[in-house]
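Engineer: Return a 3D structure for these sequence lines:
(chains A and B)
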Amino acid sequence: MNSDLEKKFVKLLDEHQNIVHKICRMYADSQAQHKDLFQDITVQLWKAYPKFRGDAKFSTWMYRVALNTAITLYRKKKRRVRTQDIDEIGFKIEAHQYDDTTEQNLKLMYAAVRQLNDIDKALVFLYLEDKNYTEISETLGISEVNARVKMNRIKKKLRTILNP
Amino acid sequence: MDELELLKQDWKRQEKSLPHVKAEEIRKMMHKKSTSIVKWIFLISIAEFLFWIGIEALSLFDDSLDVIKDLNLEIFYRISLVVNYTAIFIFIYLFYRNYKKISVNDSIRGLMRNIIITRKTVKAYVLFNLVIFSISFGVIAYTGLDDMLGAESTEVKVYSIIFMVIFFVVVLLLIIGFYVLLYGILTKKLYRNYKTLKEIDKND
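Structural biologist: From the prediction side, this is the model:
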């Protein structure tokens, strides 16, 4: 294997690994699954890397491969998930930064996001990552208009959770 | 403030609490095996092809040829042989072509679609074999029974046919059950997500 290619890949993934961790946080149910998924995404990225053309940004390409792995290719191993595990992988809200209501709302929002189906999660994830609708629609393989419509529906759904 | 905007702001803060994997660890991970369902689908599909080719090959070595000759079914046998081998080549070619199209660089929907098309090729091949198997079984059973039970009473003939049909249906149900179970486990999530994506885009 070309060691220069390997070095370049490790450097790039090391720099952008937060993207992979955030996807793992979205899709994994436990810390063990987070590790498994991180590894699977790394393998898939490395396997696909020779086909990565510099015409797209590395991070843009990473979103696609990583989401494809998390949603379609990865098979969760059957492990007993302990409540403690869920707490460990959950989104961490720094309480001192918010008032009580905001903190509570954020907790509810994160819990609601975790309960969305795999596709809606991907939409929300890309939205939270500040991707525009062109990029979201290209990553998912749906039309831009429909991505927008779906995102509005999810927003509405989340709003209802907070204001029943 | 929009609830999702608030979430977006907090989302950026989440980066502080993310774990960090060292470069050396990444290097080790890269060379490990993946658990990709595509790998499993590929291996199972190859096993399916080998299974049916094996069944085909077995019939060349055992004494079934003599039975076919005795029953004057040689022409039927030769035709089914040509049809079978032509189908094997066509299906393997289609499978290979579709399999090569599966790419993790594709869009989420594109990747799913190509996996499903590849699966459908193998499904079509299995279905084709089941149809051929049913026809062959029907023709041989009918001719064989007629030959063996020529002198028996109608009642015996009817019971024998009922027995053969039940036997055949049980075998068929077992095969179908095996499939539903195996692929149910492997592709349930894939089909569910693909359906969700299709529903989002159904306005087009």
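
Engineer: Can you check what pLDDT the model gives the residue nearest to A:Asp120 when sequence neighbours are not counted?
Structural biologist: Spatial nearest neighbour of A:Asp120, chain neighbours left out: A:Ile154 (5.6 Å); criterion: C-beta to C-beta, 6 or more residues apart in numbering or on different chains. Yep, even glycine has a C-beta here, placed from its N, CA and C like the rest. For A:Ile154, the pLDDT comes out at 89.

Engineer: Look up which helix or strand A:Ile154 falls in, please.
Structural biologist: A:Ile154 belongs to helix A:144-162 when elements are defined using DSSP states H and E.

Engineer: Which neighbouring elements make contact with that helix?
Structural biologist: If you count contacts as 3 or more C-beta pairs under 8 Å, 6 or more residues apart in numbering or on different chains; DSSP states H and E, helix A:144-162 packs onto helix A:100-115, helix A:118-128, helix A:133-140, helix B:3-13, helix B:154-200.

Engineer: Nearest to A:Arg53, out of those helices?
Structural biologist: helix A:133-140 (15.1 Å; C-beta to C-beta).

Engineer: How about B:Trp52: what's its closest non-neighbour residue?
Structural biologist: B:Asn129 (4.9 Å).

Engineer: Is it correct that that neighbour is in contact with B:Ile53?
Structural biologist: No: at 10.0 Å, B:Asn129 does not count as touching B:Ile53 under the criterion of C-beta atoms under 8 Å.

Engineer: So which of the two has more stuff around it?
Structural biologist: B:Asn129 (20 against 14; other C-beta atoms under 10 Å in any protein chain shown).

Engineer: pLDDT score assigned to that one?
Structural biologist: Listed pLDDT for B:Asn129 reads 84.

Engineer: can you check A:Lys150 too?
Structural biologist: We note a pLDDT of 93 for A:Lys150 in this prediction.

Engineer: That one contacts B:Ile200, correct?
Structural biologist: Yes: using C-beta under 8 Å, A:Lys150 is in contact with B:Ile200, at 5.0 Å.

Engineer: which residues are in contact with both of these two?
Structural biologist: A:Ile142 (C-beta atoms under 8 Å, 6 or more residues apart in numbering or on different chains).

Engineer: neighbours around residue 115, how many?
Structural biologist: Reading this off chain A. Residues near A:Gln115, counting by other C-beta under 10 Å, number 10.

Engineer: think we crossed wires, I meant chain B
Structural biologist: 23.

Engineer: now it, nearest residue through space, not along the chain?
Structural biologist: Nearest to B:Ile115 is B:Ile102, by C-beta to C-beta, 6+ apart, at 5.8 Å.

Engineer: A:Val113 too?
Structural biologist: Excluding the flanking residues, the one nearest A:Val113 by C-beta to C-beta, 6+ apart is A:Val124, at 5.6 Å.

Engineer: and the nearest residue to A:Phe125 once chain neighbours are set aside, helix, strand or coil?
Structural biologist: In space, and not counting its chain neighbours, A:Phe125 is closest to A:Met26: 5.4 Å by C-beta to C-beta, 6+ apart. Following DSSP: H, G, I helix; E, B strand; the rest coil, the label given to A:Met26 is helix.
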